[in-house]
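A.B. asks: missing the sequence, but the structure's below:
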């Protein structure tokens, strides 16, 4: 395994100084700005499903056709590439640079997609926009995990996702309001959905200029002066707001040195890497499939396009509601336990949604499904940001998340034929089996992380015994 040097600034490591901080306005600013970026990631991911029926009609595509499957999966295929590439950039060149790349790609190609003359150009634009959004969520998990104190890490990452998840009902109601209109200011209503997403992301790009680089990342690559300057800024703000600071834990040290991707498969991290990859392949069938396929399921059940969009939008309200519900419990219930409990809830609600034709049961089950799925989502996003050390954090989360994008791209080719051939009940039985396998995977291989510092999580084996390995010294990296 590549060895790492340990460093401290002013007698205490950056990690120790960050963990002792109270939450300040600087933390809250970062959470909100990052949350706005999550908003546009969610907007893009749920746009395909919400507009699926509209675009199918617009381009004369048959239900279940290859063209429809590519339309639904093109952004997810791009997201697979983005999750690996952009998060590797984040570990090598910094979180801020990667943030700018994610929103730049998405913003430009989302607007270009609005002017697509045919389905082929739209698929290409959505593929490239997907590269941008694919890197966003695992990068958010890594960045906020780097920045936030251990004792409130889950709660405030949950707040960032709550801001972001407002996009899901937003895109549902916006689609109902304008996408079904034949013309808005000279353009078809659905085209405005892409323009709105692209321009909004461009505004978020400008706001991110004010985000600090991750001090943990700066320290990990030897740029200790810059790391010290950023942490000192947080410390001054904390003293100004609270009047005092507790002493840092001087035993809490962070590793220094650039890591390589192959380290994910070395003995210390292999089990976590495989567990996270399996988890992500399975979770997308439960979390991602509902928002994308719910409008199509409703049309299969016999609801017309307008009614289906309204019902889907109502069920989407559960996304931000579930995210809010996660906030008081995400630090009280062990993260992996919360993932398993919420997975079981999704199984029950999904089966009800799949088998019923009662309107009130559909709405109730759909709302509960989305609410529970975002307790699940917040818990796993926090969890994956805790599983690897600073040098591997974005790469570990990003490669795992990329597997979920593969699953998302595969979904239409698996679930749409199941829906068309055997009905929505059979489709949700299949999803339930997959979610049951997910529960087994987490129960068997997931480590505990809740309430522990990132350094503690990554200095212990998965059975919670402390690793006795002492890192060998390496040559000090030059300060930039």
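C.D. replies: The structure has been received and is ready for your questions. All values reported here derive from a predicted model rather than from experimental measurement.
A.B. asks: by contact count, what packs against the helix or strand containing residue 368?
C.D. replies: According to DSSP states H and E, residue 368 maps onto helix 359-384. Other elements packing on helix 359-384 under the criterion 3 or more C-beta pairs under 8 Å, 6 or more residues apart in numbering; DSSP states H and E are helix 136-147, helix 153-165, helix 267-300, helix 305-316, helix 318-326, helix 335-355, helix 390-422. Heads up, the C-betas are built off the backbone N, CA and C, glycines and all.
A.B. asks: so for the helix or strand that the last one is followed by, mean pLDDT?
C.D. replies: On the C-terminal side of helix 390-422, the closest following helix or strand by DSSP H and E is helix 424-445. Predicted confidence along helix 424-445 averages 94 (mean pLDDT).
A.B. asks: for the chain, which residues score under the pLDDT cut-off?
C.D. replies: For the chain, applying pLDDT under 70 flags the ranges 1-12, 48-54, 56, 62-64, 175-184, 186, 248-260, 305, 460-480.
A.B. asks: spatially central residue in it, please.
C.D. replies: With distances taken as C-alpha atoms, centre = their mean, residue 137 lies nearest the centre of the chain, 3.3 Å away.
A.B. asks: what sits closest to it if chain neighbours are left out?
C.D. replies: Excluding the flanking residues, the one nearest residue 137 by C-beta to C-beta, 6 or more residues apart in numbering is residue 41, at 5.8 Å.
A.B. asks: the closest residue to residue 73 other than its chain neighbours: neighbour count?
C.D. replies: Excluding the flanking residues, the one nearest residue 73 by C-beta to C-beta, 6+ apart is residue 409, at 4.2 Å. Counted with other C-beta atoms under 10 Å, the neighbours of residue 409 add up to 22.
A.B. asks: and residue 456, by the same measure?
C.D. replies: Counted with other C-beta under 10 Å, residues neighbouring residue 456 total 18.
A.B. asks: got it, and residue 431?
C.D. replies: Neighbours around residue 431, by other C-beta under 10 Å: 24.
A.B. asks: what about it, distance to residue 418?
C.D. replies: Plainly put, residue 431 is 9 Å away from residue 418 if you go by C-beta to C-beta, to the nearest Å.
A.B. asks: same check on residue 98?
C.D. replies: Separation of residue 98 from residue 418 (C-beta to C-beta): 37 Å.
A.B. asks: same deal with residue 246?
C.D. replies: 55 Å.
A.B. asks: name the residue in these two with the higher neighbour count.
C.D. replies: Neighbour count, other C-beta under 10 Å: between residue 246 and residue 418, residue 418 has more, with 16 against 9.
A.B. asks: which non-adjacent residue is nearest the more buried one?
C.D. replies: Using C-beta to C-beta, 6+ apart and skipping the chain neighbours, the partner closest in space to residue 418 is residue 427 (4.7 Å).
A.B. asks: hang on, the one you found packs against residue 417?
C.D. replies: No - judged on C-beta atoms under 8 Å, residue 427 makes no contact with residue 417 at a distance of 9.5 Å.
A.B. asks: higher neighbour count, those two?
C.D. replies: residue 427 (24 against 13).
A.B. asks: list the residues that contact that one.
C.D. replies: Applying C-beta atoms under 8 Å, 6 or more residues apart in numbering to residue 427 gives the contacts 293, 297, 354, 415, 418, 419.
A.B. asks: would you turn the residues you listed into a markdown table with distance to residue 310?
C.D. replies: Shown next, in a markdown table, are the contacts of residue 427 (distance: C-beta to C-beta, whole Å):
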| residue | distance to residue 310 |
| --- | --- |
| 293 | 17 |
| 297 | 14 |
| 354 | 20 |
| 415 | 23 |
| 418 | 25 |
| 419 | 21 |
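A.B. asks: show me the contacts for residue 374.
C.D. replies: With contact set as C-beta under 8 Å, 6+ apart, residue 374 has these partners: 161, 165, 318, 319, 320, 321, 322, 323, 325, 326.
A.B. asks: swap in 10 Å and give it another go.
C.D. replies: 158, 161-162, 165, 168, 287, 318-326, 342 (C-beta atoms under 10 Å, 6 or more residues apart in numbering).
A.B. asks: what's the nearest residue to it if we skip its chain neighbours?
C.D. replies: Nearest non-adjacent residue to residue 374 (C-beta to C-beta, 6+ apart): residue 322, at 3.3 Å.
A.B. asks: what about that neighbour, how many neighbours?
C.D. replies: For residue 322, using other C-beta under 10 Å, the count is 26.
A.B. asks: shouldn't residue 114 be in contact with residue 196?
C.D. replies: Yes - using C-beta atoms under 10 Å, residue 114 is in contact with residue 196, at 9.0 Å.
A.B. asks: list the contacts of residue 35.
C.D. replies: 140, 144, 156-157, 159-166, 204.
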